[in-house]
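Undergrad: Sharing a model that was predicted from the sequence below.
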Amino acid sequence: MISNIFPWQVNLHQQWLAQGAQRHHALLLSGKQGIGKRHFASAMAASWLCQKPQLGLACQHCEACHWLSEGSHPDFKEIKPEEAEGSDDSKKKTRKRQQIVIEQIRGLHDYLSLSNHQVGGLRVVMIHPLEWVNTTAANALLKLLEEPPAATQFILVTHQKQALLPTILSRCMQVDMPVPTAAEGVAWLHQQAIVNAEWVWHYSGGAPTTVLADHEEAAIDWHAWYLQWRAFLMQGARLELHLALPVLLQHGMLHAMTVLQKWSVDIQRCCHHLPAKYHSDALAGLKTLASACHEDQLLTFMAQLNRFKLSALHPLNQELQLEQCLLQYKKCFR
Ligand SMILES: [Zn+2]
């Protein structure tokens, strides 16, 4: 259960606290990925359900807080794309469900047709990411937002507000979530004992919470890995496939794809004399690659990455797919 918020969210939290219980029934938190929107939504949900909140945050000790931490609070409903079973075993890793489907919203209708567990208390519904609600489900959700049941608070989270139906947007109070400054982000990463915090901040594109999304991953020295694969990618057309493959795949296909995407974005930016977005410490190498780059091939490579990334959680043929990608990468350069 989450009972804290990030330093860059303190002002927003103070504003909410000053408003007391005078809230819109459907709050929509939007902003880019990795700035702690869902974390904030969870903290707020916990504080609303807590029996003895302290300064607008959950106390962590009352009955409601215990229920919530055990995932069994009867007045809290969280809706997210479900993961298939066995996803904790990386070899059996199955593809995440990419949608929130109508059955889930129907279930929500049923749930909300019952009365609140705690008489006179609030019921909280959290949905994230909202852009994954498919069209049929969105229309069913709209009905709930238009005629909200009594004492029900919706808290919705989206990374892509522009992908939502205008009818949904118009039923919500929209909240642009605060983005950390570089100083705030780096200081926070330092506090989390992240190795090479400055580099991580930059490489995450100013999205610090993505770094801690997975506790095991947080312990990895990403910078050391970065130096390894970067040396290979700098080879351009002379890239040694059999050596590069295992290094890139060291942390799974999804990370390999993300690495290649970010790298290709910066090569393309260099081709157009724009500053690098993620690899400002590798400018000389990027410029060399850009000067030898066939941009049409680079675009083909980037499109291929987008396609393969969608299936990156499929266990099959990862090595083969990555090999195809790297073959195309080599073609990008003279
Ligand atoms: Zn509590």
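TA: Nice, thanks for sending it over. Residues are numbered from 1 along each chain as shown.

Undergrad: When you work out contacts or count neighbours from here on, use the C-alpha atoms and nothing else.
TA: Noted.

Undergrad: for the stretch 1-150 of the chain, what spans make up the strands?
TA: Taking DSSP state E, counting those that start in this stretch, the strands of the stretch 1-150 of the chain run over residues 26-30, 76-79, 123-127.

Undergrad: helices or strands next to the first one in the packing?
TA: To tie it back to what came earlier, the one meant is strand 26-30. helix 37-49, strand 152-158, strand 173-176 (3 or more Cα pairs under 8 Å, 6 or more residues apart in numbering; DSSP states H and E).

Undergrad: Show residues contacting that strand.
TA: Contact with strand 26-30 is made by 37, 41, 145, 153-161, 171-177, as judged by Cα atoms under 8 Å, 6 or more residues apart in numbering.

Undergrad: got it, and the second one?
TA: Residues from elsewhere that reach strand 76-79, judged by Cα under 8 Å, 6+ apart: Leu68, Ile100, Gln104, Leu108, Arg123, Val124, Val125, Met126, Ile127, His128.

Undergrad: Export only the CA atoms of it, formatted as CSV.
TA: Listed next in CSV are the C-alpha coordinates belonging to strand 76-79 (Å, rounded to 0.1, in the frame of the first residue of the first chain):
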residue,chain,number,x,y,z
PHE,A,76,-11.6,-0.4,-3.5
LYS,A,77,-11.7,-1.6,-7.1
GLU,A,78,-8.6,-1.5,-9.4
ILE,A,79,-9.0,-2.1,-13.1
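
Undergrad: buried sites along it?
TA: Under the neighbour-count criterion of 16 or more other Cα atoms under 10 Å, strand 76-79 has Phe76, Lys77, Ile79 buried.

Undergrad: Same question for stretch 326-334.
TA: For stretch 326-334, a neighbour-count test (16+ other Cα under 10 Å) marks Leu326, Leu327, Gln328, Tyr329, Lys330, Lys331, Cys332, Phe333 as buried.

Undergrad: same check, this time on stretch 309-327
TA: For stretch 309-327, by 16+ other Cα under 10 Å, it's 309, 311-315, 318-319, 321-323, 325-327.
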